[in-house]
Every structure is written in structure tokens, then in C-alpha cells.
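Colleague: All I have is the shape, not the residue letters:
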């Protein structure tokens, strides 16, 4: 029996959240805003903490720096009990500045400080991959190097392409070599069905999921040729911040998938967890539990 239900590879950093009156800011010297706060965030962090909160045996590995931002990350994982192993890189811990408007929409200014030549040593990651039932690869450049090992070990892989435009080559390995592919519709300009079909036809994915924020989500499965739309979950919970909603969606989808639930139920679980994440300020500060998820999904 595998030691881990899911190994999350890559994707932790610090999010600095700035609440602004509008994402289109005027060209002026200064704007007064509410208190600016730092949070442990980024996509791998969200998926790992989301899976951990749902009771999945979760392992997380990544590069961080030796800096105050890394100290925040390590303190958060000690507090939550997330099993995290890391390597230190001289370029430091990744950061992002996220602008959030009153409608909870965000604009993320992402700091890609790690060099493209960065590689994680095989002797570091392989024991964790060998012990995993499933791996979730964040779209760090170095994580693409792990696909051959995952395939050889018969470890299934998921990934989130985020705001892929459907043609950028950087994302193509992740899109075509993963068993479950998540993406945002934000940069697809209405072409999400076409891009979903291309991923399914050209790659190994068994299912492609496109997340569209307040417009719901879309599913295309290899076993069903139709792209199906799923509405957002209505939880009667105020929407205050959309940071991390997609990561919570992925975590809950994987949870339901590991339980052997049909894809339709996985989509419902993802929608519930994503909506729940929008009800708290900051990135990845509160995650839905298994008990709450099951209660909402049964309603």
C-alpha cells in the first residue's frame, strides 16, 4: 500500500495581498489601501493543504530559500502538520503580489525568481514518488523532469495549467502528459471547449477540467464526448476573496476521485470546496474539511 495518497511537487511561496478599489488603478503617486498582509500561498501549497485538510495522506516537496519568507512557510507547516520536505536554493523563496478588488477578483504579479536551469535531484524526489499513489505536478519548469519516473512507476499525475492560452509551449508537456488536467478559462477567450478537446485527443488525460470562476466549471472525459457545464456551488457564505479557490477545487476533486466517486460527483466536490475557499480573506487560510464537504455535497 502506498505511503502517500498524493505527492504534491512544487509550488509554494509567499503572497502579498493588496486590497484595491479596482484592478484598473489610476496613474497616481500613491493610493491608500487597507493593511497589506503576507500569506503562505501559491498553487502547490493550496493543493497540498487542501488535501491534508480533507484527510488525505499528503506529502509536499519543493525548493525554498533561506530567508524570512521560508521561515513563514516552515512555521505554517509545523502548525498544520503538513509533511513537507525541501531543498534550499540561493535565488530565494518565490513571491507574488496579488491585487484584490471589492468583487473578490484578483490580479497576481508572480515572481518567477528560480532559474529555468533549476533541477530537483533524482535521489531527493524519487523515494517520495515511489511511495505515492498519485502525484500533482505544479507547473514549475523543473517538475516536467519527473514525468518519465511517474510513468515508469505507474503513478498517475494531475496538473493545473492555470491561465494557459491553449498554445504556449511551456505548458504543453504538462497538458499532454498528465492523467487529470485542470485549467482556467481566463486566457482561452471562449475557446475552452476546443482546447479541452485538443488536450484529450493529443495527450493521455482521462479527464480535462476547465474552471471559470463565478461562471462555474466544465468537464470533458475520455468516456464521454460532450463538454459538460457545472454551476458554482451556492453555500450561503459571503464571497470575500477568490485567491486559492482553484487550488481548493483541485484538492476536493482529487479527494472525491480517490474515493472512487464518479466524475460528476468530483466536479460537485470541487465546486463546493472552491466556493468555500472564497469565504475567507487571504490565500489558503481556511480549507473545507471532509465532514463539511460531505454535508454540502449531500445537500
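Modeller: Structure received. From a predicted model like this one, the values you see are computed outputs, not experimental measurements.
Colleague: quick one: secondary structure of residue 150?
Modeller: Following DSSP: H, G, I helix; E, B strand; the rest coil, residue 150 is assigned to helix.
Colleague: Can you report how many residues neighbour it?
Modeller: The tally of other residues near residue 150 (other C-beta atoms under 10 Å) stands at 21. For the C-beta atoms, the positions are set from N, CA and C on the backbone; glycine is no exception.
Colleague: The nearest residue to it once chain neighbours are set aside: helix or strand, and which one exactly?
Modeller: Leaving aside its sequence neighbours, residue 150 sits nearest to residue 157 (C-beta to C-beta, 6 or more residues apart in numbering; 5.2 Å). Here residue 157 sits within strand 156-160, counting by DSSP states H and E.
Colleague: Equivalent analysis for residue 193, please.
Modeller: helix 192-202.
Colleague: For my notes, confirm residue 173 occurs in a helix.
Modeller: Yes - assessed with three-state DSSP, residue 173 lies in a helix.
Colleague: so after the lowest-mean-pLDDT helix or strand in the chain, what's the next helix or strand?
Modeller: Ranked by mean pLDDT, DSSP states H and E, the helix or strand of the chain with the weakest confidence is strand 106-111, at a mean of 86. Where DSSP H and E defines the elements, the next helix or strand beyond strand 106-111 is helix 122-130.
Colleague: May I see the buried residues of that next one?
Modeller: Residues of helix 122-130 classed as buried by neighbour count (16 or more other C-beta atoms under 10 Å): 125, 128-129.
Colleague: now swap in stretch 43-50 and tell me
Modeller: 43-50.
Colleague: What is the nearest of those to residue 176?
Modeller: If you rank these by distance to residue 176 using C-beta to C-beta, residue 43 comes first, at 19.3 Å.
Colleague: neighbouring contacts of stretch 99-117?
Modeller: 13, 15, 17-23, 25, 63, 89, 91-92, 94-98, 140-142, 239-243, 278 (C-beta atoms under 8 Å, 6 or more residues apart in numbering).
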